[in-house]
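Student: sequence first, then the predicted structure:
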Amino acid sequence: QVQLVESGGGSVQAGGSRRLSCAASGRTFRGLAMGWFRQVPGKERELVAAITPYSGTTYYADSVKGRFTISRDSVKNTLYLQMNSLKPEDTAIYYCAADNTFPPKESCNYWGQGTQVTVSS
């Protein structure tokens with residue numbers, strides 16, 4: 001079992017930055033692909049960014065390319081999402097996820113509880 005706990009959410013003005021963290025416990029997440037999803041009310045959850053377990057290959061949704069950076073620290077068992085040049089449309093609940101496949105699927109077994117990010121114009 002893997003437990004995931006996100007932190008770092010909050011309010012920020014448009015153009016600002018925020019870094020989300022996801023601490024994993026219960027077992028090492030070294031062999032798992034990791035990702036960040038986000039969801040706004042009334043819309044489906046979307047994959048924002050993902051990273052492979054070993055090579056560090058990354059995936060980004062078109063809407064965040066060039067602004068967001070995903071990274072992982074296998075020693076600290078922590079996943080990060082650095083978000084720069086934030087826009088009001090980035091407002092959402094952000095979820096950390098871990099999966100045996102890359103990129104992580106909606107059906108994956110391991111999810112965090114979510115952290116709210118609100119970007120004001």
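Tutor: Happy to help now that I have it.

Student: what's around residue 111, how many residues?
Tutor: For residue 111, the count of nearby residues is 19 (other C-beta atoms under 10 Å). C-beta coordinates here come from the backbone N, C-alpha and C atoms, glycine included.

Student: try the one 5 residues further on
Tutor: Counted by other C-beta under 10 Å, the residues lying close to residue 116 total 12.

Student: okay but residue 37 is in contact with residue 49, surely?
Tutor: No - contact criterion C-beta atoms under 8 Å: residue 37 and residue 49 do not qualify, at 9.1 Å.

Student: residues of stretch 64-75 that come out buried?
Tutor: By neighbour count on 16 or more other C-beta atoms under 10 Å, the buried set for stretch 64-75 is 64, 68-70, 72.

Student: what's the lowest-pLDDT member of the residues you listed?
Tutor: The lowest pLDDT within the buried residues of stretch 64-75 belongs to residue 72, which sits at 93.

Student: in a helix, that's where it is, yeah?
Tutor: No - per DSSP: H, G, I helix; E, B strand; the rest coil, residue 72 lies outside any helix segment and is strand.

Student: ok, the closest residue to it other than its chain neighbours - contacts?
Tutor: Nearest residue to residue 72 in three dimensions, chain neighbours excluded: residue 79, at 5.0 Å (C-beta to C-beta, 6 or more residues apart in numbering). With contact taken as C-beta atoms under 8 Å, 6 or more residues apart in numbering, residue 79 is in contact with 21-22, 24, 29, 34, 36, 51, 70-73, 96.
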